[in-house]
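> Got a predicted structure plus its sequence, pasted below:
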Amino acid sequence: MHDWAALAADIKRWAVELGFQQAGISEGTLARDEAHLERWLAAGHHGEMHWMAAHGRKRSRPGELVPGTIRVVSVRMDYGIGDDAASWATLADGERAYIARYALGRDYHKVLRNRLQRLAERIAGVVGPFGYRAFVDSAPVLERALARDAGLGWIGKHTCLIHAKAGSWFFLGELYTDLPLPLDAPASEHCGTCTRCIDICPTRAIVAPWVLDARRCISYLTIENPGPIPEAFRRPMGNRVFGCDDCQLVCPWNKFAKRHALPDFEPRNGLDRARLVELFAWEEDEFLKRTEGSPIRRTGHTGWLRNLAVALGNAPHSDEVVAALAARAGHPSALVREHVAWALSEQAAKAPA
């Protein structure tokens, strides 16, 4: 008979040894979150992310997604780089590109998945073969609700997870398992009356506390959205070309965020200081080369040019910007051409008389 409490303590210690900052254990009973998800889907807030509704209730019922699951081990890994001031400076510089800081380095899916696999192997070394599956934002999993119930933080009004001593700059991963491990206490909520995340959102995507309308969210618009960016949101996008961090940058709890120590998450290709015209000049082969092993690959080269065209339309007027846009005016993609035409009209409106 195994000492499950001792194993749970070992799992948490091993997780830290493997580079995670914290691990916790939950039962995976998410009835309240399931109801919230169903209301969110019914309202159409998921936009074109049809997979959000494609798995029924497996997303909120771990035992239906992976039969035999009775516990979920949730882990978090910090990715903050301690550069809030630099992030604000980039957002204020219309000639530079703002890329969500989670995407500046290596694709986090691979980093976390490899370490979760090693964690599972350590567990197997004690209990023998056991049932498990590792997930890192790669399956229908309510990862934030599971992490909350495992004591890793509470879900903020912007829908990100917040830890009282570590802020919100971290990734989450899970091990679904059939081991009867003891449960951790869920985290309590500490947003209080603060609405900074709601107030700062450039496109007013947080339509109510804990309710994000993805169709308005810059992260969705620049990454998951396959079509045109609605004109109403193009100017508010500013220079954000892949994701958006405003709601986290303004969160007071992030004053406690810890700087990560993993080279994997250090900015690559100078993306933390890149100029829009330089990125817009990347042809597809260069885009694929420079984004190898990066989350940015998800948007594809066409989506990348679409996003950059909007940012260039929002940039201060210059002959360099106009020339860069004009060079793409005949692009084979109608999506790119449309956004380039819009951007050129915006530049023309800002040109000196």
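Nice, I can see it.

> List the buried residues of the helix or strand hosting Ile198.
Using DSSP states H and E, Ile198 falls within helix 196-200. Buried residues in helix 196-200, counted by 16 or more other C-beta atoms under 10 Å: 196-198. C-beta here means a position set from N, CA and C on the backbone, and glycine is covered the same way.

> of these, closest to Glu174?
Cys197 (24.7 Å; C-beta to C-beta).

> tell me what the helix holding Ile198 is packed against?
Where contact means 3 or more C-beta pairs under 8 Å, 6 or more residues apart in numbering; DSSP states H and E, helix 196-200 is packed against helix 246-249.

> helices and strands around the helix it packs on, which ones?
By 3+ C-beta pairs under 8 Å, 6+ apart, helix 246-249 packs against helix 84-92, helix 196-200.

> pLDDT (mean, whole number) over that helix?
For helix 246-249, mean pLDDT rounds to 98.

> and the next element down the chain from it?
helix 276-280.

> mean confidence for that next one?
On average, helix 276-280 scores 98.

> now do stretch 76-91
pLDDT averaged over stretch 76-91 gives 89.

> For it, buried residues please.
76-81, 84, 87, 90-91.

> want to try TSV for the buried residues of helix 196-200, with distance to Gly243 as columns?
Formatted as TSV, these follow (distance: C-beta to C-beta, whole Å):
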residue	distance to Gly243
Arg196	19
Cys197	15
Ile198	18
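
> Please verify my assumption that Gly227 contacts Leu335.
Yes. The pair Gly227 / Leu335 is scored as a contact, 7.1 Å apart, by C-beta atoms under 8 Å.

> In terms of neighbours, single out the busier of those two.
Each of Gly227 and Leu335 has its neighbours counted (other C-beta atoms under 10 Å); Leu335 has more, 17 against 12.

> who's in contact with the helix or strand hosting the more buried one?
Secondary-structure assignment from DSSP H and E places Leu335 in helix 334-350. With C-beta atoms under 8 Å, 6 or more residues apart in numbering as the test, helix 334-350 has contacts from 227-229, 231, 234-235, 302-303, 305-306, 309-310, 312-317, 321-322, 325-326, 328-331.

> ok so, going back, if we take the buried residues of stretch 76-91, which one ends up nearest to Val211?
Closest approach to Val211 among the buried residues of stretch 76-91 (C-beta to C-beta): Arg76, at 23.4 Å.

> Where does the closest one sit, in terms of helix or strand?
Going by DSSP H and E, Arg76 is part of strand 71-78.

> my hunch is that Pro129 is in a helix, does that hold up?
No. Pro129 sits outside any helix when classified using DSSP: H, G, I helix; E, B strand; the rest coil, being coil.

> Tell me which stretches of the chain form strands.
Ranges of strands in the chain, per DSSP state E, are 22-26, 71-78, 98-99, 132-135, 154-155, 161-162, 170-177, 206-208, 211-212, 240-242.

> Serialize those to CSV and add fields for distance to Leu41.
As requested, those are exported to CSV (distance: least, C-beta to C-beta, whole Å):
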stretch, distance to Leu41
strand 22-26, 23
strand 71-78, 22
strand 98-99, 29
strand 132-135, 20
strand 154-155, 17
strand 161-162, 20
strand 170-177, 21
strand 206-208, 15
strand 211-212, 12
strand 240-242, 25
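
> so which of the ones you listed is the most packed in?
Most buried of these, by mean neighbour count (mean count of other C-beta atoms under 10 Å): strand 240-242, with a mean of 28.

> ok, and for stretch 329-344, which residues are buried?
Buried positions in stretch 329-344, judged by neighbour count with 16+ other C-beta under 10 Å: 331, 335-340, 342-344.

> what do you get for stretch 286-304?
Residues 287, 290-291, 294-297, 299-304 are the ones in stretch 286-304 that count as buried (16+ other C-beta under 10 Å).

> chain center to it: distance?
Offset of stretch 286-304 from its chain centre (C-alpha atoms, centre = their mean, to the nearest Å): 16 Å.

> Other residues contacting it?
99, 102-103, 105-110, 222-223, 226, 241-242, 268-269, 271, 279, 282-284, 307, 333, 335-336.

> Would you mind giving me the ChimeraX syntax to select the buried ones in these?
Those of these that count as buried under 16+ other C-beta under 10 Å are selected in ChimeraX with:
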select :99,102,103,105,106,107,108,222,223,241,242,268,271,279,282,307,335,336
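
> Now do the nearest residue to Arg118 once chain neighbours are set aside, the pLDDT please.
Nearest in space to Arg118, with sequence neighbours left out and distances taken as C-beta to C-beta, 6 or more residues apart in numbering, is Leu18 at 5.7 Å. Note for Leu18: predicted pLDDT of 96.

> And Leu18, its phi and psi?
In terms of degrees, to the nearest 10, the main-chain angles of Leu18 are phi -90, psi 0.

> ok, the spatially most central residue of the chain - contacts?
In the chain, the centroid-proximal residue (C-alpha atoms, centre = their mean) is Tyr102; its distance is 6.7 Å. The contact partners of Tyr102, by C-beta under 8 Å, 6+ apart, come to 79, 108, 169, 171, 243, 295.

> Perfect, that will be all.
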